[in-house]
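Below: sequence and its predicted model.
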Amino acid sequence: MSKGNGIKSSLFGSAGIYMITQVLNASIPFLLLPVITRYLSPEEFGIYSMFKVVSGLVFSIIGIGINGAITRVYYDKNKGELARYIANSFLLVTINSILMYLVFGLFTDFISDKTYIPNNWLWTVILVSYGKVIFQATLVIWQVENKPFTYGAFQILQTTLNFTLNLWFIISLNLNWTGAILAETIAFFGFGILGFFFLLKNKWLKFKISIQDIKHIISYGSPLIPHVVGMYVITASDRFLITALVGISETGLYTVGYQIGMIIMILQDSFNKAWVPWLFSKLKQNNDFLKIKIVKFTYIYFVIIILAALILYALSPIILQIMAGPAYQNASQFILWLGLGYAFNGMYKMVTNYIFFDGRTYYLATITFITAVINILISYALIKLNGPIGAAQGTAISYLISFFLTWYFSNVVYKMPWFNLRQKSN
């Protein structure tokens, strides 16, 4: 089989399964969207949105980049060593969660005031974040093992539980935004525990403290915390700024547009899940001819993902008419910029993988810090100038800047023939 055919068979076979899984998985929240937008007011939906934003930020901090670390060391360790490594990762995550709980206890009133999440509901943020870290780590193991069917089934079951609980809590029990938060907390924490026992049963956890493993996790993951937090600032600062400068109701409208724009994220993230294990295995070969093939394909991908964002925007009036209630029709104004932002984020993922492979993740901390600062400044200025749509514009511009900076530094740490596609193999 030729190298080109190898790309098509091994990569696209898994990518197709991941794509189907992601589409099925994402269809459940989209089916839930008409329920939420008809039973929750924009203000109530805004509170639920802020819960998701804050829990996502906490997830990024307590997770200390263990998913990327596990993916990287998978190719260098035997199963016993990796099982010990994963167990030590979970130990650090547990310690981080306890520390975060203490921080929330010290600054309860401040956090509640800025996020609109009532004091007595902040505990759910910690619980859902901790469960999500374990849940995602379980998925990562199946991803690197190239078990997309198992990966997909576990993810879809979790989302189905979330969907079912939402319907029960919001419609039957009339719990409004509190029902949505409870559903997500139970679904993620429950499946986090379930994932833990799956890993334990399959001997992916070896409970032996290793200073060497802990040092590697911290050295690999610590530079990623500013990176991940910075990326989350880019992703979430728009809703913080809209809430502060415009109001929580407008945050609810914006979030509906954001969820429609996430269709592009689903496409690019699905592909990246299949791309990363395949790419890492090929980069180990250090084959010049194969590198040219990879670069050519990457350029084609860039064009396709941008076209997908433009097509989504063209279809957005129809999608909103079907998926959202009358109170949310103004969300269409955000979809073009958010779709393009997710397209640029997909392009970023294609080039950041080389930095993860090389291991010099501290470059990402610098890039995301710069981008996050630029994002806040641009978004603030554009919201003042253009209203809420300025947040979507700022997000798209920030993702584009992040892509270009990451592309440059990825070529610093790992040379690829980005501008030398006529090179011949030896």
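Arrived safely, thanks for sending. Since the structure is predicted, the reported quantities are computational estimates derived from the model, not experimental observations.

Figure out how far stretch 266-278 is from the centre of its chain.
Remark: stretch 266-278 is offset 12 Å from the chain centroid, using C-alpha atoms, centre = their mean, to the nearest Å.

CA atoms only: put that stretch into CSV for me.
Listed next in CSV are the C-alpha coordinates belonging to stretch 266-278 (Å, rounded to 0.1, in the frame of the first residue of the first chain):
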residue,chain,number,x,y,z
ILE,A,266,-17.8,19.5,16.0
LEU,A,267,-16.5,19.0,12.5
GLN,A,268,-12.9,20.1,13.3
ASP,A,269,-12.7,18.5,16.7
SER,A,270,-13.9,15.2,15.3
PHE,A,271,-11.2,15.2,12.7
ASN,A,272,-8.5,16.2,15.1
LYS,A,273,-9.3,13.3,17.4
ALA,A,274,-8.5,10.9,14.6
TRP,A,275,-5.6,13.1,13.2
VAL,A,276,-3.5,13.3,16.4
PRO,A,277,-2.7,9.6,17.0
TRP,A,278,-2.1,9.1,13.3
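
So V133 sits against I70, correct?
No. Using C-beta atoms under 8 Å, V133 makes no contact with I70, being 11.5 Å away. All C-beta spots, glycine's among them, are computed from the backbone N, C-alpha and C.

Between those two, tell me which one has more neighbours.
Higher neighbour count among V133 and I70: V133, with 26 against 22, using other C-beta atoms under 10 Å.

Contact partners for the more buried one?
V133 sits next to F59, I62, G63, I66, V93, G192 when contact means C-beta atoms under 8 Å, 6 or more residues apart in numbering.

can you put these in a markdown table and add neighbour count?
Output for the contacts of V133, formatted as a markdown table (neighbours: other C-beta atoms under 10 Å):
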| residue | neighbour count |
| --- | --- |
| F59 | 21 |
| I62 | 24 |
| G63 | 26 |
| I66 | 25 |
| V93 | 20 |
| G192 | 22 |
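
Helices - which of those land there?
Judged by DSSP state H, the subset of those located in helices is F59, I62, I66, V93, G192.

What is the most widely separated pair among these?
I66 and G192 (13.1 Å; C-beta to C-beta).

before we move on, back to that, switch the contacts of V133 over to JSON lines; also include pLDDT.
Below are the contacts of V133 laid out as JSON lines (pLDDT from 0 to 100):
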{"residue": "F59", "pLDDT": "90"}
{"residue": "I62", "pLDDT": "91"}
{"residue": "G63", "pLDDT": "88"}
{"residue": "I66", "pLDDT": "87"}
{"residue": "V93", "pLDDT": "94"}
{"residue": "G192", "pLDDT": "96"}
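
hmm, which two among those are most spread apart?
Greatest spatial distance among these (C-beta to C-beta): I66 and G192, at 13.1 Å.
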